[in-house]
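Engineer: Got a predicted structure here, sequence first:
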Amino acid sequence: MSLFAVFGITGSGMAAESERLSAVASNMANASSAVASSGQPYKAREVVFEPVSAGDGEERPSGLGMAGVKVAGVVESSAPMQSVYDPGNTFADEKGYVQMPNVNPVDEMVNMISAQQNYQADLEAFNVAKTLALRTLSI
């Protein structure tokens with residue numbers, strides 16, 4: 001693997017973690033929303049990553065291992081919705097329960113911290129590779 005391949009690998013990791021942070025921000029912003037724009041309760045979104053092997057989409061010899069990560073998709077969480085008793089709410093059913101989003105703020109904070117630290121690690125690896133490349137060129 002060339003030194004310059006590190007830039008692609010770390011860049012793909014930063015892009016994927018950025019997408020994950022966007023999903024977390026959306027989940028946190030809608031954690032207390034009774035209804036989403038679709039008219040249904042908001043469902044938490046989760047980002048699914050997929051590894052990119054070294055031979056995918058580029059002319060590289062096979063057997064070089066991984067070449068990064070990409071976002072395979074953003075899926076809605078399968079966690080059950082929360083029922084909150086609020087008979088005065090306009091969105092309450094006949095029993096007085098309102099279906100609230102299936103967003104757990106504690107889990108979202110953990111996801112946010114994890115994504116932020118992964119992004120920081122990718123950025124640090126990128127900077128180390130940049131420094132090595134500059135030192136190599138100055139020889």
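Structural biologist: Noted; the coordinates are in hand.
Engineer: the strands in the protein, which residues?
Structural biologist: 45-53, 66-76, 82-85, 97-100 (DSSP state E).
Engineer: I'd like to know which of those strands lies nearest to residue 14.
Structural biologist: Of all these, strand 66-76 sits nearest to residue 14, with 9.9 Å by C-beta to C-beta. Placement of C-beta: from N, CA and C, glycine included.
Engineer: Spatially central residue in this structure, please.
Structural biologist: residue 20 (1.4 Å; C-alpha atoms, centre = their mean).
Engineer: contacting residues for that residue?
Structural biologist: Going by C-beta atoms under 8 Å, 6 or more residues apart in numbering, residue 20 touches 47, 111, 115.
Engineer: contacting residues around the last one?
Structural biologist: Residues near residue 115 by C-beta under 8 Å, 6+ apart: 17, 20, 21, 24.
Engineer: Serialize those residues to TSV and add fields for pLDDT.
Structural biologist: What follows is these, written out as TSV (pLDDT from 0 to 100):
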residue	pLDDT
17	96
20	96
21	96
24	96
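Engineer: What subset of the residues you listed is buried?
Structural biologist: Buried by 16 or more other C-beta atoms under 10 Å: 17, 20, 21, 24, out of the contacts of residue 115.
Engineer: about what we covered before: any idea which of the strands of the chain is most buried?
Structural biologist: Ranked by mean neighbour count under mean count of other C-beta atoms under 10 Å, the strands of the chain are led by strand 97-100, which reaches a mean of 18.
Engineer: Could you name the helices and strands sitting against that strand?
Structural biologist: Here strand 97-100 touches strand 82-85, going by 3 or more C-beta pairs under 8 Å, 6 or more residues apart in numbering; DSSP states H and E.
Engineer: and the strand it packs on, how far from the chain's centre?
Structural biologist: Chain-centre distance of strand 82-85: 27 Å, with C-alpha atoms, centre = their mean, to the nearest Å.
Engineer: got it, and stretch 92-100?
Structural biologist: 31 Å.
Engineer: before we move on, back to that, for the strands of the chain, give me JSON lines that also has distance to residue 127 and mean pLDDT.
Structural biologist: Listed next are these as JSON lines, based on distance: least, C-beta to C-beta, whole Å; pLDDT from 0 to 100:
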{"stretch": "strand 45-53", "distance to residue 127": "22", "mean pLDDT": "92"}
{"stretch": "strand 66-76", "distance to residue 127": "17", "mean pLDDT": "90"}
{"stretch": "strand 82-85", "distance to residue 127": "42", "mean pLDDT": "90"}
{"stretch": "strand 97-100", "distance to residue 127": "42", "mean pLDDT": "90"}
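Engineer: Nice, that's everything, thank you.
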